[in-house]
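Student: Here is a sequence together with a model predicted from it:
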Amino acid sequence: MSDGEELSMEEQLRQLQERVRQLQADNDRLKVSSTPSGGGAEPAILVGGSLTGVNVGGAATSQTSGTSERPERYVYLPRERKCPRFSGKNTDPLPIEEWVEEARRSLAVRHMSRAEQALFLYDLLDGEAKNEIRFRPSTDRVDPDKILTILTETYGCAKSLVSLQQQFFQRKQKEGESIREFSHALLSLMEAVKRRDSTSILNSDALVRDQFIEHVRDGLLRRELKRSVRLNPEVTFLNIRSEAIRWTEDGERAGAPRPRAYSCDSQAQVVSERHVDSQAVAAKANDDLSDIKECLRKQQAQLDRMWQHINSISHPPPMQARGPSGPPRRPYRFQPDGRPICLRCNEPGHIARFCHAELPAGAGSSGRAGAATQGGTAAIGVVNEQQGN
């Protein structure tokens, strides 16, 4: 810090100390110049350096004769508005935007020069926020507007306009969040958007109103609010919010959040309508359950048929042996001692293939061919039977 800057700070501090001494001298002079009356004197209140004779609490201070005189009492009530301190940390009671507004209101009620205003703001800072102003040029430190601008740029919202708008349009009423809390959240987000760019939103009230209506959790309340907007397109956000709060409070006074809006005045009718609605919901649930059971039964029957079809393909039934001409042939015959019986002449001891019996008259060559064929088929059957064994 240069010598000139140190001298400027010392000069400002000296002026403030001089003013404090002057105020103390004025206060002492007022104490000495005032003379107590015969009765109890009313306390004088020194408000912002001016003396005002006001009886504290409105109670009479006069005492009966014979009592000793009581000295006057002075009560000093400062006019200055107390402003919270700011350090730039997350633990501060106010964010930078709200702190700047509070600081401007505090400066408005104080009749100070610009140098005194700058020193007043500097005294309200702590930590890194104070160092941020401390290492700035002297032309910035003595200008209160520059100090507030520097703090706003340094500790203000760093999000872009698009990000703030996206955050606003994605804000919905949370589980357990009241109507007022949801509305305050929307207003806070809209204020952040306008603070970033005041020209980006043309009709902020209508935008907040529509966002509020679209993202209320209660579907029936949403329908009622949309109907109000259709009847009166110029309705404001505050009126819509008041209607939503009234609608919610009416449902809470009825005992529980109502499933729909009722126009009747009798609470008994409201309860009966609720009972009817609950019965309808229960009947609908039972119907849905019956449909599900029927669908499951049909699916099970279809699965059974498919399983039977798969089994029939995987394990086909045994086919009956057929003769050369199509119809099933006669089974082989054997005697008790195991000798085969000829299928051609029905004589034991040989098979039709080796049968030498004479064919009946008129059979001719066709009969012999048929006998040969039957004999060959019988032999094949015997071989197959042996392979099976």
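Tutor: Arrived safely.
Student: what's the closest residue to F237 other than its chain neighbours in contact with, if anything?
Tutor: With Cβ to Cβ, 6 or more residues apart in numbering as the criterion, F237 has its nearest non-adjacent residue at 3.9 Å, and that residue is R209. C-beta coordinates here come from the backbone N, C-alpha and C atoms, glycine included. Residues touching R209, when contacts are defined by Cβ atoms under 8 Å, 6 or more residues apart in numbering, comprise V229, V235, T236, F237, I240.
Student: and R209, which of the three is it?
Tutor: Applying DSSP: H, G, I helix; E, B strand; the rest coil to R209 yields a three-state assignment of helix.
Student: Report the mean confidence score over the strand or helix carrying R305.
Tutor: The secondary structure element spanning R305 is helix 267-314 (assigned by DSSP states H and E). Taken as a whole, helix 267-314 has a mean pLDDT of 70.
Student: tell me the domain boundaries of this protein?
Tutor: Residue ranges for the structural domains of the chain, counted by automatic domain parsing, are given in the record as 3-59+69-77, 96-155, 161-253.
Student: want to throw those domains into JSON lines with mean pLDDT and distance to C295?
Tutor: Formatted as JSON lines, the domains of the chain follow (pLDDT from 0 to 100; distance: least, Cβ to Cβ, whole Å):
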{"stretch": "domain 3-59+69-77", "mean pLDDT": "65", "distance to C295": "81"}
{"stretch": "domain 96-155", "mean pLDDT": "87", "distance to C295": "60"}
{"stretch": "domain 161-253", "mean pLDDT": "89", "distance to C295": "29"}
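Student: could those be laid out in JSON lines, adding distance to C83?
Tutor: Rendered in JSON lines, the data for the domains of the chain read as follows (distance: least, Cβ to Cβ, whole Å):
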{"stretch": "domain 3-59+69-77", "distance to C83": "17"}
{"stretch": "domain 96-155", "distance to C83": "4"}
{"stretch": "domain 161-253", "distance to C83": "20"}
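Student: among these, which is nearest E294?
Tutor: Closest of those to E294 is domain 161-253, at 31.1 Å (criterion: Cβ to Cβ).
Student: Skipping its backbone neighbours, what lies nearest D197 in space?
Tutor: Leaving aside its sequence neighbours, D197 sits nearest to L161 (Cβ to Cβ, 6+ apart; 5.2 Å).
Student: same check, this time on R134
Tutor: With Cβ to Cβ, 6+ apart as the measure, R141 is the residue that lies nearest to R134, at 7.6 Å, once sequence neighbours are left out.
Student: mind checking how far the one you found is from M9?
Tutor: With the distance defined as Cβ to Cβ, to the nearest Å, R141 ends up 9 Å from M9.
Student: Between these two, tell me which one has more neighbours.
Tutor: Neighbours were counted for R141 and for M9 using other Cβ atoms under 10 Å; R141 has more, 23 against 16.
Student: can you tell me which residues contact the more buried one?
Tutor: Residues touching R141, when contacts are defined by Cβ under 8 Å, 6+ apart, comprise E5, A118, Y122, I133, R134, I147.
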